[in-house]
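Undergrad: Sequence first, then the predicted structure:
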Amino acid sequence: MTDRSASPATADTRLTDTRDAAADIAPNPPQRALRLHREMERVWSNAPGWWGHVTAVNHTSLGLRFMGTALVFFLIGGVLAMLIRAQLATRDGAFLDSELYNQIFTMHGSIMMFLFAIPMLEGLAIYLLPKMLGTRDMAFPRLTALGYWCYLFGGLILLAALLAGVAPRDGWPQEKAWRMASGADAILDAATLHPTVAHAVADLQRVFATCPRPRHVIVNTATARGAASMLRDAAARGLHAGILFGPERAGLTADDLAHADTLVQIPLNPAFNSMNLAQAVMVMAYEWWTAVDDTPPARLVTNETRIATKDQLENFLRHLVAELDACGFLRNVAKRPSMVRTIRHLFERGEVTEQELRTLHGIVTELSRGRRVHGRIEPDMEVEPDEAV
């Protein structure tokens, strides 16, 4: 049992001891907490002036800077997208030249992905994560600040390259072209770049140009097959000939066609009178190859066997007719000649191989043997004792 009774003197003594212990704790007035707060603010806040903005390592400032800079690059990427659409909407693609268009196209994708999307998410994480985790800052705040300045100056250098006309572009020929060439590396190794069409065709004596759309010019025209034959003829005469393929977005212009002596028009469905660059090159290459190709249009591949001779086929037909007579299939004497001719025509009109004849011999033999085993025995047929049912 517990003795719940306690004297008043004992309770007063305990209360007095508690008050003495609280008196021993050092006081913490509001002035001390405020002083500590100000000291921490001085340590973690940005320095005053422009130098403070340069040396800032606070995660809040850096996160906002990442997101603000990413929005600026987003606006620049949007302007480039408008230029791309203006080029595609302009007749014959005359708004921008091809080199500048390729640079803008590549820069638009690079800016939107690497200068906007990724830095925007990174800045949002830098701004929110310390607040969500309850920490003062990122684990390595100075490295975060270094990352921002590298991002800013890297983007500015990329934009300066675009303004100077030396921005990165898709490049030609691309390295993956060699991986997809299926061994035709010699053609890619001999490829050269030219600044203009006139420079590209300067050493040619015959120039063919592919263009599906009619142009208001007086020029010889030919189909892809006819042009391939002309190319073979020119090569046989020792002439240098070439084919002009237009850009995929707009095709050849009237000025480009002025350098060609023959226009190649590939017959297409009038409702869909267009094909991309790769398809046009494939059609012309195929027609050029088939112009001298002597591969037969169709042939029977027999592999290890051969086409059976007429004697072998006649031997099989005698075997087949004999078994058909034995089973009674040709019992109608009046119709027997026509039925035999029909069977003969069935095998004569195709090129039967020796292997196929051996297979048919085996089928007929097994059918006749099965007839004897199952009791369908002809009157003149001798049956061995073990074959009788």
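TA: On my side now, so go ahead.
Undergrad: Find the nearest non-adjacent residue to residue 260, please.
TA: Residue nearest to residue 260 in three dimensions, not counting chain neighbours: residue 209, with 3.5 Å by CB to CB, 6 or more residues apart in numbering. Just so you know, the C-beta spots here come from the backbone N, C-alpha and C atoms, and that holds for glycine as well.
Undergrad: Look up which residues are beta-bridged to that neighbour.
TA: The partner list for residue 209 in beta bridges (DSSP bridges) reads residue 244, residue 263.
Undergrad: Residue 263 is in contact with that one, correct?
TA: Yes - using CB atoms under 8 Å, residue 209 is in contact with residue 263, at 5.7 Å.
Undergrad: overlap in contacts of the two?
TA: Shared contacts of residue 209 and residue 263, defined by CB atoms under 8 Å, 6 or more residues apart in numbering, comprise residue 257.
Undergrad: More neighbours: these two, which one.
TA: Regarding residue 209 and residue 263, a neighbour count based on other CB atoms under 10 Å identifies residue 209 as having more, with 26 against 20.
Undergrad: quick one: the helices in the stretch 201-350 of the chain?
TA: 224-236, 254-257, 277-290, 310-327, 336-348 (DSSP state H, counting those that start in this stretch).
Undergrad: before we move on, what SS does residue 85 have?
TA: At residue 85 the chain is in helix, as set by DSSP: H, G, I helix; E, B strand; the rest coil.
Undergrad: ok, how many other residues are close to it?
TA: Neighbour count for residue 85, taken as other CB under 10 Å: 11.
Undergrad: what sits against it?
TA: If you count contacts by CB under 8 Å, 6+ apart, then residue 85 has nothing around it.
Undergrad: Please read off the pLDDT at it from the model.
TA: For residue 85, the model assigns a pLDDT of 91.
Undergrad: same thing with residue 250?
TA: As predicted, residue 250 sits at a pLDDT of 69.
Undergrad: Quick one: neighbours of residue 369, just the number.
TA: Quick note: residue 369 (other CB under 10 Å) scores 11 neighbours.
Undergrad: which element is it on?
TA: Using DSSP states H and E, residue 369 sits within helix 354-373.
Undergrad: Could you check the angle that helix makes with helix 336-348?
TA: Here helix 354-373 points in a direction 140 degrees away from that of helix 336-348 (axes from the mean of the first three to the mean of the last three CA atoms, to 10 degrees).
Undergrad: after the helix or strand encompassing residue 39 comes which helix or strand?
TA: Secondary-structure assignment from DSSP H and E places residue 39 in helix 30-44. Sequence order places helix 49-54 as the next helix or strand after helix 30-44, per DSSP H and E.
Undergrad: Report all helices and strands that that next one contacts.
TA: Under the contact definition 3 or more CB pairs under 8 Å, 6 or more residues apart in numbering; DSSP states H and E, helix 49-54 sits against no other helix or strand.
Undergrad: what's in contact with it?
TA: residue 46.
Undergrad: quick one: low-confidence ranges for the protein?
TA: Where the chain drops to pLDDT under 70, the residues are 1-31, 92-93, 169-174, 212-216, 249-250, 370-389.
Undergrad: Show me how it divides into domains.
TA: 53-163, 203-290, 310-387 (automatic domain parsing).
Undergrad: Include distance to residue 33 when you put these into CSV, please.
TA: Formatted as CSV, the domains of the chain follow (distance: least, CB to CB, whole Å):
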stretch, distance to residue 33
domain 53-163, 17
domain 203-290, 69
domain 310-387, 101
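Undergrad: tell me the SS of residue 57?
TA: Residue 57 - assigned by three-state DSSP - is coil.
Undergrad: Look up how far residue 65 lies from it.
TA: 11 Å (CB to CB, to the nearest Å).
Undergrad: next one: residue 109
TA: 24 Å.
Undergrad: again, but for residue 121
TA: 14 Å.
Undergrad: Also residue 271?
TA: Taking CB to CB, one finds residue 271 at 55 Å from residue 65.
Undergrad: These two: which has the busier surroundings?
TA: Of the pair residue 271 and residue 65, residue 65 is the one with more neighbours under other CB under 10 Å, namely 21 against 5.
Undergrad: ok, the more buried one touching residue 148?
TA: Yes - Residue 65 is within contact range of residue 148, at 5.8 Å (criterion: CB under 8 Å).
Undergrad: what's the closest of the domains of the chain to residue 181?
TA: Closest approach to residue 181 among those (CB to CB): domain 203-290, 12.6 Å.
Undergrad: measure that closest one end to end?
TA: Taking CA to CA, to the nearest Å, domain 203-290 runs 26 Å from one end to the other.
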